[in-house]
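Engineer: Fold the following.
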Amino acid sequence: MSTAPDTQKAPASRVRGPGLRWDTAVGVLLVAVLVVGLAGTEGFGSRENLAFAFNDIAEVALIALPMTLLVVAGQVDLSVASMLGLGSALTGALWEAGWAFETIVPVVLLVGVAGGLLNGWLVTRVGLPSLAVTIGTLALYRGLASVALGSDAVTDFPQAYADWAVDTTTVPGTFLTYPVLLFVVLAAVTAVVLHATGLGRSLFAIGSQEEAAYFSGVRVKRIKLLLFVVTGLFSAFAGVVFTLRYGSARADNGLGFEMLVIASVLLGGVDFDGGKGTLFGAVAGVLLIGVLKNLLTLNDVAGEVQVIVTGLLLVASVLTPRVVAGVVERRHRRAARTP
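Structural biologist: Next up is the predicted model:
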């Protein structure tokens with residue numbers, strides 16, 4: 001795209017400031033928290049606890065991958081947690097109806113694709129803002145989950161599948177569970193797509209200046225539709241993983257997860273206005289929230305305080321880069337005025 005250098009905002013990894021880049025700073029903070037946990041909290045570094053800590057955020061991490069692409073493109077999907085709940089409810093309802101689990105999973109994934117198509121169609125064809133659309137479908141999908149399963153909980157899923165998702169089953173020789181290993185593989189693929197392909201460059205261009213991207217030949221509507229479809233697909237799959245991990249399908253599974261996903265992505269330095277961000281930063285944000293949650297739990301910190309900490313991290317992730325950018329801009333202006 002010949003116009004990309006003129007219209008596209010630089011990704012966060014290329015933005016220079018007075019200190020570390022934001023995504024790098026989050027990575028350093030993650031390492032610091034890990035060091036503090038290993039040094040000061042008994043049991044934090046055990047294989048069992050690390051497996052639990054990372055598996056505990058597996059669903060949030062999976063959804064954060066397509067959400068990163070969406071936010072880079074200047075969009076957002078607030079319905080992801082409701083789609084997770086719908087995927088969980090459908091898994092339970094179909095299992096209770098006697099369906100084979102091998103048939104249930106593809107059906108749930110297709111429902112996720114359909115939900116993503118609805119979101120994408122309303123945004124790209126009807127022209128509604130993604131924030132408004134997905135607030136509506138957030139309620140819609142959660143309502144459909146309640147219709148599918150009601151207030152019941154379905155348990156007793158096939159042991160072979162349940163064992164795949166729990167934190168006590170790890171990849172031999174590691175503390176990685178199989179959902180986390182799947183996340184690692186998908187994160188590598190997503191990183192290549194975002195940072196090493198034409199599609200990734202198109203996402204940055206759309207997020208920076210959508211109209212300019214359109215006139216430079218980027219198929220803006222098609223790409224945005226694809227992003228919503230992939231996000232719906234990952235969210236529904238996360239519902240299956242969540243159901244197997246807890247051994248319980250409920251319509252209210254994943255309630256509030258959309259805030260954790262968005263907080264993780266923004267904490268990693270992905271700009272909510274679009275056009276800036278790195279997958280490394282988003283992954284570091286997810287892991288930082290997960291490790292902090294685990295560390296606070298081990299130190300008997302109340303759940304309410306953990307929510308406050310997450311909220312403060314989200315505020316800091318939005319506010320700090322803007323403050324730093326303002327400081328840098330003022331320095332540049334003073335330097336330009338200096339003879």
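
Engineer: isn't L50 right up against F175?
Structural biologist: Yes - in this structure L50 lies within contact range of F175 using CB atoms under 8 Å: 4.3 Å. Backbone N, C-alpha and C define where each C-beta goes, glycine included.

Engineer: So between the two, which is more surrounded?
Structural biologist: More crowded of L50 and F175, by other CB atoms under 10 Å: L50, with 23 against 19.

Engineer: Give me the contact list for the helix or strand encompassing the more buried one.
Structural biologist: Here L50 sits within helix 47-55, counting by DSSP states H and E. Identification of contacts with helix 47-55 by CB atoms under 8 Å, 6 or more residues apart in numbering yields 43-44, 166-168, 170, 175-177, 179-180, 245, 287, 290-291, 293-294, 298.

Engineer: Assign the residue most central in space within the chain to helix, strand or coil.
Structural biologist: Computing the C-alpha centroid of the chain and ranking residues by CA atoms, centre = their mean puts A64 first, at 1.3 Å. With DSSP: H, G, I helix; E, B strand; the rest coil as the basis, A64 sits in helix.

Engineer: what's it in contact with, if anything?
Structural biologist: By CB under 8 Å, 6+ apart, the residues touching A64 are V261, S264, V265, A282, V283, G285, V286.

Engineer: which non-adjacent residue is nearest T320?
Structural biologist: Take T320 and drop its neighbours on the chain: the residue closest to it by CB to CB, 6 or more residues apart in numbering is W22, 7.4 Å away.

Engineer: From G274, how far off is V71?
Structural biologist: Applying CB to CB, to the nearest Å, the value for V71 to G274 is 7 Å.

Engineer: mind listing what V72 touches?
Structural biologist: Listed by CB under 8 Å, 6+ apart, the contact set of V72 reads L194, L203, F204, G207, V270, D271, G274, G275, K276, G277.

Engineer: I meant to write L266 there.
Structural biologist: By CB under 8 Å, 6+ apart, the contact set of L266 is V71, F272, G285, L314, S317, V318.

Engineer: okay, the spatially closest residue to N119 that is not a sequence neighbour: pLDDT?
Structural biologist: Excluding its sequence neighbours, the residue lying closest to N119 (CB to CB, 6+ apart) is F228, at 4.4 Å. Note on F228: pLDDT of 98.

Engineer: Isn't F228 up against L69?
Structural biologist: No - F228 is beyond contact range of L69, at 10.3 Å (criterion: CB under 8 Å).
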